[in-house]
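**Student:** Requesting a structural model of the entry that follows:
(2 chains)
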Amino acid sequence: MNKLGIIISGIVKNNPTFVLLLGMCPTLGTTTSAVNGAGMGAATMAVLIMSNIVISLVKSIIPSKVRIPAYIVIIAAFVTIVELCMKAWLPDLYATLGVFIPLIVVNCIILGRAEGFAAKNGVVDSALDGVGIGLGFTLSLTLVGAVREVLGSGSVFGWRFIEGDGMLIFVLAPGAFLVLGYIMVMFNKLVAKTK
Amino acid sequence: MELILIIISTIFVNNVVFAQFLGICPFLGVSSRVSTSMGMSAAVIFVITISSMVAYMLQYYVLVPLGIEYMQTIVFILVIAALVQMVEIVLKKVSPVLYQALGIFLPLITTNCAVLGVAILLIQKQYSLLESVVFAFGTAVSFALALVIFAGIRERLEIEDVPRAFRGTPIALVTAGILAMAFMGFSGLV
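**Tutor:** Prediction:
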């Protein structure tokens, strides 16, 4: 597989949100605005790239029986690093995303890519896979966040284009489920058309 | 009184699935049959309640005295993973009947973010041990409630003629959205 292909497949063919249906909790919980979605995606991408690199480096020295706990420790270490960095440099975003930052540990995308890709491929390919899947996740989260922000508060990336309140329901919990559901429908339609 | 308030607010007002978005993966994954969703619910209630106690003790008797609170994420996830294994082994020996009922769901629970989420939240909210256990139990029951209601609806959805693009997860998400709206009716209760 060529290098660019790995990245593209992470964004389209293996899109973690719309195709693989992984990492639903942060997708629904943090996308109240486009910026929050992008921030969550970026944090996840950072962990994913670093854990993919390290796991593909150490895969041959970890006995296969204890590989899952070993992977979890590696992932948890990187999550802690990202958490501490965000606390120090982006305290506002850290406060908004709250409990979902430590919960990156149990995001199935990361363990899934560790087991499914990094454990079988070289360092460079694993890093690229992390970039691709991470970008796919970030773009999906930003899209869901942007749609909810436009409908819910009449602005996008904090830039307001409608005066007054939007449809508040889309910023609240039910809106998360509805927007993700309808975006998935459109994604399915598009995929069906291109086939 | 405080404890009753915690129970009501976790089960209805701040429902773990519909308001806090934790445990969505099993919520979407194991909700196609009411019977399996019941089994999963029982396993979740069991594990979350035990793990909350363990997390509380770890935080206040190990991490804080040693001054290494920043290790919280790593320690909690390892302990929860080990705990789930242990529960599985103990159940197999002590109560084979219960093991038969919950067995297949236990390994799935390690990746249920509600378990780690509750452990982190009860430390953030600075609950006492009793409050922590009640909070964890309430959260687990709210997950069970959401899961069983949702499974009941999905069983009926299966025989409906859903448009092709909506089939599977999209219609499930839209349904969950409407359910979440219904649960919003409880806000302001506490």
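**Student:** any idea which element residue 144 lies in?
**Tutor:** In the absence of a named chain, chain A is used. Applying DSSP states H and E as the criterion places A:Val144 in helix A:123-153.
**Student:** Chain B is the one I meant
**Tutor:** helix B:129-157.
**Student:** Can you name every helix or strand that the helix holding A:Val144 contacts?
**Tutor:** Counting contacts by 3 or more CB pairs under 8 Å, 6 or more residues apart in numbering or on different chains; DSSP states H and E, helix A:123-153 packs against helix A:3-11, helix A:24-29, helix A:34-58, helix A:108-113, strand A:155-156, helix A:173-194. From N, CA and C alone the C-beta is placed, and that goes for glycine too.
**Student:** wait, which of those is closest to B:Gly67?
**Tutor:** With CB to CB as the measure, helix A:34-58 is the member of those nearest B:Gly67 (25.1 Å).
**Student:** relative to helix A:123-153, how tilted is that closest one?
**Tutor:** For helix A:34-58 against helix A:123-153, the angle by axes from the mean of the first three to the mean of the last three CA atoms, to 10 degrees is 160 degrees.
**Student:** ok, and does helix A:34-58 reach over to chain B?
**Tutor:** No: legend: contact between helix A:34-58 and chain B by CB under 8 Å from any CB of the partner chain is lacking; minimum distance shown is 11.2 Å.
**Student:** which strands and helices sit next to that helix?
**Tutor:** Counting by 3+ CB pairs under 8 Å, 6+ apart, helix A:34-58 packs on helix A:67-89, helix A:91-97, helix A:108-113, helix A:123-153.
**Student:** Show me what counts as buried in stretch A:23-32.
**Tutor:** With burial defined by 16 or more other CB atoms under 10 Å in any protein chain shown, the residues of stretch A:23-32 counted as buried are A:23-32.
**Student:** What of stretch B:107-117?
**Tutor:** Neighbour counts using 16+ other CB under 10 Å place B:108-117 of stretch B:107-117 among the buried residues.
**Student:** re the thing from before, same for chain B: which of the buried residues of stretch A:23-32 are within range?
**Tutor:** Okay, of the buried residues of stretch A:23-32 touching chain B (CB under 8 Å from any CB), that's A:24-26, A:28-29.
**Student:** Please identify the most buried of the helices and strands packed on helix A:123-153.
**Tutor:** helix A:24-29 (a mean of 25; mean count of other CB atoms under 10 Å in any protein chain shown).
**Student:** what's in contact with it?
**Tutor:** Residues from elsewhere that reach helix A:24-29 (CB atoms under 8 Å, 6 or more residues apart in numbering or on different chains): A:17, A:40, A:44, A:100, A:103-104, A:107, A:140-141, A:144, A:176-177, A:180, B:20-25, B:28, B:113.
**Student:** quick one: that helix to chain centroid distance?
**Tutor:** Offset of helix A:24-29 from its chain centre (CA atoms, centre = their mean, to the nearest Å): 9 Å.
**Student:** Partner strands of the helix or strand of chain A with the lowest mean pLDDT, with direction?
**Tutor:** When each helix and strand of chain A is scored by mean pLDDT, DSSP states H and E, strand A:159-160 comes last, with a mean of 77. Strand A:159-160 sits in its sheet next to strand A:155-156 (antiparallel), going by DSSP bridges.
**Student:** Would you agree A:Phe18 is in contact with A:Phe187?
**Tutor:** Yes: A:Phe18 is within contact range of A:Phe187, at 4.6 Å (criterion: CB atoms under 8 Å).
**Student:** what's near enough to touch residue 110?
**Tutor:** As the question left the chain open, I've gone with chain A. Here A:Ile110 is in contact with A:44, A:47-48, A:51, A:75, A:104 (CB under 8 Å, 6+ apart).
**Student:** Please refer instead to chain B.
**Tutor:** If you count contacts by CB under 8 Å, 6+ apart, then B:Thr110 has A:106, B:80-81, B:84 around it.
**Student:** ok, of the residues you listed, which come out buried?
**Tutor:** Buried by 16+ other CB under 10 Å: A:106, B:80-81, B:84, out of these.
**Student:** Pipe those residues into a markdown table and attach secondary structure and pLDDT per row.
**Tutor:** As requested, the buried ones among the contacts of B:Thr110 are exported to a markdown table (DSSP: H, G, I helix; E, B strand; the rest coil; pLDDT from 0 to 100):
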| residue | secondary structure | pLDDT |
| --- | --- | --- |
| A:Val106 | helix | 85 |
| B:Ile80 | helix | 86 |
| B:Ala81 | helix | 84 |
| B:Val84 | helix | 84 |
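**Student:** and which of those residues is nearest to B:Ile149?
**Tutor:** Checking those against B:Ile149 by CB to CB gives A:Val106 as the nearest, at 24.0 Å.
**Student:** For that closest one, give its distance to A:Ser140.
**Tutor:** Using CB to CB, to the nearest Å, A:Val106 is found at 19 Å from A:Ser140.
**Student:** try B:Leu63
**Tutor:** 35 Å.
**Student:** Nearest residue to the residue most central in space within chain A in space, please, no chain neighbours.
**Tutor:** Centroid check for chain A by CA atoms, centre = their mean gives A:Phe137 as the closest residue, at 3.6 Å. Residue nearest to A:Phe137 in three dimensions, not counting chain neighbours: A:Pro16, with 4.8 Å by CB to CB, 6 or more residues apart in numbering or on different chains.
**Student:** Would you confirm that the one you found contacts A:Ile109?
**Tutor:** Yes: if you go by CB under 8 Å, A:Pro16 and A:Ile109 touch, sitting 4.8 Å apart.
**Student:** Show me whatever sits in contact with both of these two.
**Tutor:** By the contact definition CB under 8 Å, 6+ apart, A:Pro16 and A:Ile109 are jointly contacted by A:22-23, A:133, A:137.
**Student:** tell me what the helix or strand harbouring B:Thr49 is packed against?
**Tutor:** Element membership for B:Thr49, per DSSP H and E: helix B:34-58. On a contact count with 3+ CB pairs under 8 Å, 6+ apart, helix B:34-58 meets helix B:72-94, helix B:96-102, helix B:106-109, helix B:113-124, helix B:129-157.
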